[in-house]
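A.B. asks: Coordinates for the following, if possible.
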Amino acid sequence: MSSETTLSEAVPPYSSFSTAKKRYIVATAAGAGLFSSLSAQIYFPALNTLADDLNVSTSLINLTVTSYMIFQGIAPMFIGDFADRTGRRPAYIICFVIYIASNIGLALQDSYTALIVLRCLQSSGISSSVALSAATVADVSTKQERGSMMGFVMAGNFMGPAIGPIIGGLLAQYLGWRSIFWFLTIASGVFLLPLLFFLPETARNVVGDGSSPAQPWNRPFIQYLRPREVRVSKDTGSSTESIDRPDSHDSPKKIEHKLQFPNPLKPLILVWHPNSIIILLVTGVIMGGNMTVLSSITEIYTAQYGLDELEIGLCYITLGTGSIVASVITGRLLDWNYKRMAAKLASDPTSEHVGTADSVPVEKSRSMITIPLVILGSVTVLAFGWVLKFGEPLPAPEVLLFFVGVGQTGGFISTSTLLVDLHTSNPAAATAANNMVRSFFSAGASAAIDPMLTAMGRGWAFTLVAFILLSTIPFLLLLCGMGRKKESSEKLEGSAERAEVPASPQRAED
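C.D. replies: You can find the predicted model right below:
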């Protein structure tokens with residue numbers, strides 16, 4: 001039995017949404033994910049100013065960063081399961097309402113207690129958008145195209161480190177720290193309006209492959225502004241009004257659905273499988289390594305190059321640019337490798353039974369792309385540490401930061417796509433578990449890097465980080481082995497079946 005069968009329930013093979021509607025849905029998911037990373041990064045340049053205005057120590061202000069990351073891991077455990085049970089639209093709306101309200105509170109507050117509470121609330125609202133974005137991609141894509149779509153969505157998520165510190169530095173320097181939260185309030189409010197009016201429900205247990213109507217309260221507002229359809233009964237000749245406007249069927253089958261309270265433990269139960277545990281571990285280590293670089297740049301660049309806050313914010317552009325480039329390239333590589341393996345299976349005369357796209361060993365397909373990306377991220381982190389150790393000019397670490405972004409972000413996108421591939425029935429819950437693990441790894445890494453730099457120096461500290469990253473490769477090779485084992489077992493099953501019944505062509509399904 002394939003891992004897809006064991007890890008995921010039967011779901012419609014693809015969405016009936018048009019290509020244009022798919023693109024709009026994916027673009028909206030990318031925009032939603034942007035706010036999560038932007039909210040964390042835009043805050044950094046104002047930390048010192050906030051400490052002075054609220055009369056608290058730097059360590060207490062840094063606690064607001066730690067608490068944000070903790071709730072970034074916990075909150076999606078509730079929203080992820082809620083989105084899988086009830087739908088993506090209500091989950092998006094709840095997240096943005098909480099987020100907008102918390103930003104208004106942050107802009108108006110004058111005490112440290114209010115700051116830390118509202119930062120936790122802000123994180124609880126917006127951090128779930130990453131899980132929702134991944135789940136939305138899973139709803140409207142097949143494995144053959146999921147890599148590119150995930151890459152595009154993650155490009156939005158990784159724009160935060162590129163533009164967040166710059167926007168935050170400019171706002172804090174010229175308009176004050178409160179302007180940061182007013183900016184987030186206005187931007188998220190502008191984003192929410194078209195989401196309310198145009199974004200359709202995509203959750204498969206609510207709308208199937210997109211042809212079944214969602215609940216009346218879970219439909220885009222634009223449907224209620226159109227003229228009502230008049231339907232004439234064939235039996236009585238009487239007319240009735242309806243606002244049901246499915247995409248492709250005149251008489252769609254309505255899926256019965258009830259509201260259910262989310263189970264925060266379901267994401268952990270869902271991923272309790274060897275394949276998923278390995279993916280979570282690898283993803284956590286990759287993002288922990290990324291956080292050691294992110295959290296150390298400000299202090300190292302200030303001490304070594306004498307840069308101010310705005311100049312340091314500009315130095316994050318190379319890392320963010322590398323992340324965006326990785327998002328696009330990695331997605332295309334994932335799709336290319338999956339299609340290449342599918343074509344290879346289809347051309348194998350001994351594998352008629354498994355000559356469909358669904359029979360491709362997805363663990364092997366994704367891990368083959370992940371391994372070289374992890375190696376790239378590890379080697380460049382190693383070089384980054386020693387370049388700083390020997391006091392090389394600023395362009396040297398900046399060039400390396402670009403390739404750190406490519407390697408580490410690419411590895412994260414690849415493993416995240418694989419996790420969604422294995423849990424297409426509950427992608428939001430699976431991504432929520434992934435989000436929790438990577439948040440905790442990131443929090444631990446950000447807390448550990450400063451003592452490591454003090455005790456070991458820059459060169460050896462980042463050498464240790466590089467070797468920890470490289471230690472994930474045996475686990476990725478193990479995933480490749482699981483994929484080969486799956487492929488071999490399916491070939492044996494196919495041979496046995498062909499001995500009994502004639503093979504029939506099958507449609508490639510997700």
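
A.B. asks: What is the distance between stretch 17-32 and the centre of its chain?
C.D. replies: Computed by C-alpha atoms, centre = their mean, to the nearest Å, the chain-centroid distance of stretch 17-32 equals 15 Å.

A.B. asks: Contacts only, for Ile371.
C.D. replies: 473, 476-477 (C-beta atoms under 8 Å, 6 or more residues apart in numbering). Placement of C-beta: from N, CA and C, glycine included.

A.B. asks: How about Tyr305?
C.D. replies: Applying C-beta under 8 Å, 6+ apart, the residues near Tyr305 are Leu394.

A.B. asks: hmm, 10 Å instead?
C.D. replies: Neighbour list for Tyr305: 311-312, 315, 388, 391, 393-394, 397 [criterion: C-beta atoms under 10 Å, 6 or more residues apart in numbering].

A.B. asks: again with Phe183
C.D. replies: 38, 42, 103, 107, 167-168, 170-171, 175 are the contacts of Phe183 under C-beta under 10 Å, 6+ apart.

A.B. asks: hmm, which of the residues you listed are the buried ones?
C.D. replies: By neighbour count, with 16 or more other C-beta atoms under 10 Å, the contacts of Phe183 hold 38, 42, 103, 107, 167-168, 170-171 as buried.

A.B. asks: I'd like these laid out as TSV, including secondary structure, pLDDT and distance to Glu363.
C.D. replies: Shown next, in TSV, are these (DSSP: H, G, I helix; E, B strand; the rest coil; pLDDT from 0 to 100; distance: C-beta to C-beta, whole Å):
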residue	secondary structure	pLDDT	distance to Glu363
Leu38	helix	89	33
Ile42	coil	87	37
Asn103	helix	96	40
Ala107	helix	95	46
Ile167	helix	89	39
Gly168	helix	87	39
Leu170	helix	86	44
Leu171	helix	89	44
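
A.B. asks: Is Thr136 in a helix, a strand, or coil?
C.D. replies: Look at Thr136: counting by DSSP: H, G, I helix; E, B strand; the rest coil, its state is helix.

A.B. asks: mind checking pLDDT for it?
C.D. replies: Per-residue confidence at Thr136 stands at 91 (pLDDT).

A.B. asks: got any ranges where this protein has weak pLDDT?
C.D. replies: By pLDDT under 70, the low-scoring segments of the chain are 1-15, 226-264, 309, 348-358, 483-510.

A.B. asks: Quick one: the strands in it, in order.
C.D. replies: Listed in chain order, the strands of the chain (DSSP state E) span 229-232, 239-242.

A.B. asks: In contact with Thr298, which residues?
C.D. replies: 44-45, 47, 165, 307, 309, 312-313, 315-316.

A.B. asks: Redo these as TSV? Include distance to Ser57 and neighbour count.
C.D. replies: Output for the contacts of Thr298, formatted as TSV (distance: C-beta to C-beta, whole Å; neighbours: other C-beta atoms under 10 Å):
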residue	distance to Ser57	neighbour count
Phe44	17	23
Pro45	18	26
Leu47	11	18
Pro165	22	27
Leu307	23	17
Glu309	19	21
Ile312	21	20
Gly313	23	26
Cys315	26	19
Tyr316	25	26
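
A.B. asks: Okay, and which of these map to helices?
C.D. replies: Among the contacts of Thr298, DSSP state H puts 47, 165, 309, 312-313, 315-316 in helices.

A.B. asks: quick revisit: list buried residues within the contacts of Tyr305.
C.D. replies: For these, a burial check counting by 16+ other C-beta under 10 Å picks out 312, 315, 388, 397.

A.B. asks: Distance-wise, check the second one relative to Ile25.
C.D. replies: Spelled out, that is Cys315. Distance of Cys315 to Ile25, computed by C-beta to C-beta, to the nearest Å: 35 Å.

A.B. asks: Contact partners for Ala101?
C.D. replies: With contact set as C-beta under 10 Å, 6+ apart, Ala101 has these partners: 118, 121-122, 125, 185.

A.B. asks: repeat that for 8 Å
C.D. replies: Contact analysis of Ala101 by C-beta under 8 Å, 6+ apart lists 121, 125.

A.B. asks: Angles on the backbone of Trp272, please.
C.D. replies: Here is the backbone geometry of Trp272 (degrees, to the nearest 10): phi -80, psi 70.

A.B. asks: burial measure for it, as a count.
C.D. replies: Neighbour count of Trp272, defined by other C-beta atoms under 10 Å: 10.

A.B. asks: ok so, going back, right, and the pair among the buried ones among the contacts of Phe183 with maximum separation?
C.D. replies: Asn103 and Leu170 (17.7 Å; C-beta to C-beta).

A.B. asks: count of residues packed around Leu400?
C.D. replies: Using other C-beta under 10 Å, Leu400 has 25 other residues around it.

A.B. asks: on that earlier part again, most neighbours of all the contacts of Ile371, which one?
C.D. replies: Leu476 (24 neighbours).

A.B. asks: which residue packs closest to Glu398, ignoring adjacent ones?
C.D. replies: Thr318 (4.8 Å; C-beta to C-beta, 6 or more residues apart in numbering).

A.B. asks: for the one you found, what are its contacts?
C.D. replies: 398-399, 401-402, 405.

A.B. asks: Please produce JSON lines containing those residues, extended by distance to Arg219.
C.D. replies: Formatted as JSON lines, the contacts of Thr318 follow (distance: C-beta to C-beta, whole Å):
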{"residue": "Glu398", "distance to Arg219": "48"}
{"residue": "Val399", "distance to Arg219": "49"}
{"residue": "Leu401", "distance to Arg219": "45"}
{"residue": "Phe402", "distance to Arg219": "44"}
{"residue": "Gly405", "distance to Arg219": "39"}
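
A.B. asks: Which one of the residues you listed is nearest to Phe191?
C.D. replies: The closest of those to Phe191 turns out to be Gly405 (C-beta to C-beta; 24.9 Å).

A.B. asks: Tell me how many other residues crowd the nearest residue to that closest one once chain neighbours are set aside.
C.D. replies: Setting aside the residues directly before and after it, Gly405 is nearest to Gly322 in space (C-beta to C-beta, 6+ apart), at 2.5 Å. The number of residues packed near Gly322 is 27, by other C-beta under 10 Å.

A.B. asks: And Gly322, how far from Asn290?
C.D. replies: 11 Å.

A.B. asks: Which neighbours do the two have in common?
C.D. replies: Listed as contacting both Gly322 and Asn290 by C-beta under 8 Å, 6+ apart are 404, 409.

A.B. asks: hey, where'd the helices end up in the stretch 101-250 of the chain?
C.D. replies: 112-126, 128-140, 143-157, 159-174, 178-198, 204-207, 222-225 (DSSP state H, counting those that start in this stretch).

A.B. asks: burial measure for Ser416, as a count.
C.D. replies: 26.

A.B. asks: Touching, it and Ala430? I think so.
C.D. replies: No: Ser416 sits out of contact with Ala430 when judged by C-beta atoms under 8 Å, with a separation of 9.5 Å.

A.B. asks: what's next to stretch 328-339, contact-wise?
C.D. replies: Under C-beta under 8 Å, 6+ apart, the answer for stretch 328-339 is 143-152, 154-155, 357, 360, 362, 365-366, 368-369, 373, 406, 409-410, 413-414, 417.

A.B. asks: hmm, back to that, adding distance to Leu281, write the contacts of Tyr305 out as a markdown table.
C.D. replies: Listed next are these as a markdown table, based on distance: C-beta to C-beta, whole Å:
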| residue | distance to Leu281 |
| --- | --- |
| Glu311 | 37 |
| Ile312 | 32 |
| Cys315 | 31 |
| Leu388 | 28 |
| Gly391 | 36 |
| Pro393 | 37 |
| Leu394 | 35 |
| Pro397 | 29 |
